[in-house]
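Colleague: sequence plus predicted model, see below.
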Amino acid sequence: MCGIVGVVRFVGERIDREVLSRMTGTLTHRGPDGMGLHLLASGLVQVGLGHTRLKVIDLSDAASQPMSNEHQSVWVVFNGEIYNFRALRDSLERRGWRFRTSSDTEVLLRLYEEEGDQCFSRLEGMFAVAIWDGRRQRLLLARDRVGKKPLFYCATPRMVAFASEVKALLRHTDIVPQLEPDALAPFFLYGYVPAPGTLYRGIQTLLPAEVLSVGMDGALRRETYWDVPTAPEAPSRAPSEAEAAERVRDLVTDAVRRRLIADVPLGAFLSGGIDSSIVVGVMSRLLQAPVRTFSIGFAGDRRFDETAYARVVSRRFGTTHTEFVVEPSAVELVEQLVRHYD
């Protein structure tokens, strides 16, 4: 995963590079392989973008972010992975686009240049993305269909700021953390604050499959680019159990194959349950080298320790297995947990 941050000011006020750097630096745990900042001015609008990078596809510096087109009229910061980026790249190349990297970030950038707001519906993957379009004088924030990658924002009459985590927003000097009292009841009822709310007044979550457009006057416009499709009419003949099993096997295998595209070693978190065991089993058939698997055990209470099941799966598929054991000392971690959960 990576981390993205940004600030757009509407009234000609300068963006403090130190503030932007602090916001970005807060997310180095999301992207320890590099940090990039870019400041630009467009009329009375000032824009600052930040990115912390975890290198997965195209490890070269050419794929670093913030990334722009040749004319520096469009800039992007992106967290996630686009699983169908190679097919999208092939389509764009047939339409005359040329690429200087092998990254999915550049494919996203070119796809936006080609198709505008419609590009998000073409993406298969997990992502949180911010695009500054200097030609149209607007900022776009978008999130994947089911909201796997987080994105938070704070909008005031003078600016809009966004970040992958709330703690990065709180490093901005204009954002004062204030409790949102209306969030307390759902928090204690559900254990979390339903989107788009947060525990902080004025800070919101971008919804899954939502695009937020911010104009140069600060006006916000929200659109949804996808929804769960309605079920098609039932076929005249229901599939047999064998046919259904084959279809599920094909879909799962294709889903795992798409997620194995990387220029770094891959591993899997193996709990020993049905889901992770199936994923590891499919990976072992798709990869030539043994799969690297990782499990977490819990000392002191065997009811919460599933490492024995994970070892069975590891032996079955010949994985290179690593276990970590968590000791029952959660009280000492309260402050750290609060920080990570914002």
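Modeller: Alright, I've got the coordinates. As the structure is a prediction and not an experimental result, all values here were calculated from the model.
Colleague: all contacts plus neighbour counts: C-alpha atoms, from now on.
Modeller: OK.
Colleague: how near is W97 to Y83?
Modeller: The spacing between W97 and Y83, counted by C-alpha to C-alpha, to the nearest Å, is 20 Å.
Colleague: now do P150
Modeller: 18 Å.
Colleague: which one of those two is surrounded by more residues?
Modeller: P150 (23 against 19; other C-alpha atoms under 10 Å).
Colleague: how about that one, nearest residue that isn't a chain neighbour?
Modeller: S164 (5.5 Å; C-alpha to C-alpha, 6 or more residues apart in numbering).
Colleague: cool, and D133?
Modeller: V74 (4.7 Å).
Colleague: also E223?
Modeller: V211 (5.3 Å).
Colleague: and the one you found, how many residues sit next to it?
Modeller: Neighbours around V211, by other C-alpha under 10 Å: 22.
Colleague: so which helix or strand takes in it?
Modeller: Assigned by DSSP states H and E, V211 falls within strand 210-215.
Colleague: beta partners for V76?
Modeller: Note on V76: beta-bridge partners by DSSP bridges are M67, I131.
Colleague: tell me how far it lies from E13.
Modeller: Relative to E13, and taking C-alpha to C-alpha, V76 is found at 22 Å.
Colleague: who has more neighbours out of the two?
Modeller: Between V76 and E13, counted using other C-alpha under 10 Å, V76 has the larger neighbour count: 25 against 13.
Colleague: hmm, that one is touching S68, no?
Modeller: Yes. Here V76 reaches S68: they are 6.4 Å apart, a contact under C-alpha atoms under 8 Å.
Colleague: name the residues contacting each of those two.
Modeller: L109 (C-alpha atoms under 8 Å, 6 or more residues apart in numbering).
Colleague: quick one: contacts for the residue nearest to P150?
Modeller: Applying C-alpha under 8 Å, 6+ apart to S164 gives the contacts G3, I4, V5, L27, A128, K149, P150, L151, F152.
Colleague: any chance of the residues you listed in JSON lines, plus pLDDT, secondary structure and distance to V325?
Modeller: As requested, the contacts of S164 are arranged in JSON lines below (pLDDT from 0 to 100; DSSP: H, G, I helix; E, B strand; the rest coil; distance: C-alpha to C-alpha, whole Å):
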{"residue": "G3", "pLDDT": "96", "secondary structure": "strand", "distance to V325": "28"}
{"residue": "I4", "pLDDT": "97", "secondary structure": "strand", "distance to V325": "32"}
{"residue": "V5", "pLDDT": "98", "secondary structure": "strand", "distance to V325": "34"}
{"residue": "L27", "pLDDT": "96", "secondary structure": "coil", "distance to V325": "26"}
{"residue": "A128", "pLDDT": "98", "secondary structure": "strand", "distance to V325": "32"}
{"residue": "K149", "pLDDT": "96", "secondary structure": "coil", "distance to V325": "27"}
{"residue": "P150", "pLDDT": "96", "secondary structure": "coil", "distance to V325": "28"}
{"residue": "L151", "pLDDT": "98", "secondary structure": "coil", "distance to V325": "31"}
{"residue": "F152", "pLDDT": "98", "secondary structure": "strand", "distance to V325": "33"}
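Colleague: what about A244, which SS state?
Modeller: The three-state label given to A244 by DSSP: H, G, I helix; E, B strand; the rest coil is helix.
Colleague: closest to D182 among the contacts of S164?
Modeller: D182 has its nearest neighbour among these in F152, at 18.1 Å by C-alpha to C-alpha.
Colleague: coming back round to it: for the residue nearest to E223, give the beta-bridge partners.
Modeller: Bridge pairing for V211 - DSSP bridges - gives A142, E223.
Colleague: tell me the contacts of the residue most central in space within the chain?
Modeller: The C-alpha lying nearest the average C-alpha coordinate of the chain belongs to K149 (C-alpha atoms, centre = their mean; 3.0 Å). Residues near K149 by C-alpha under 8 Å, 6+ apart: N79, G80, M126, F127, A128, R143, S164.
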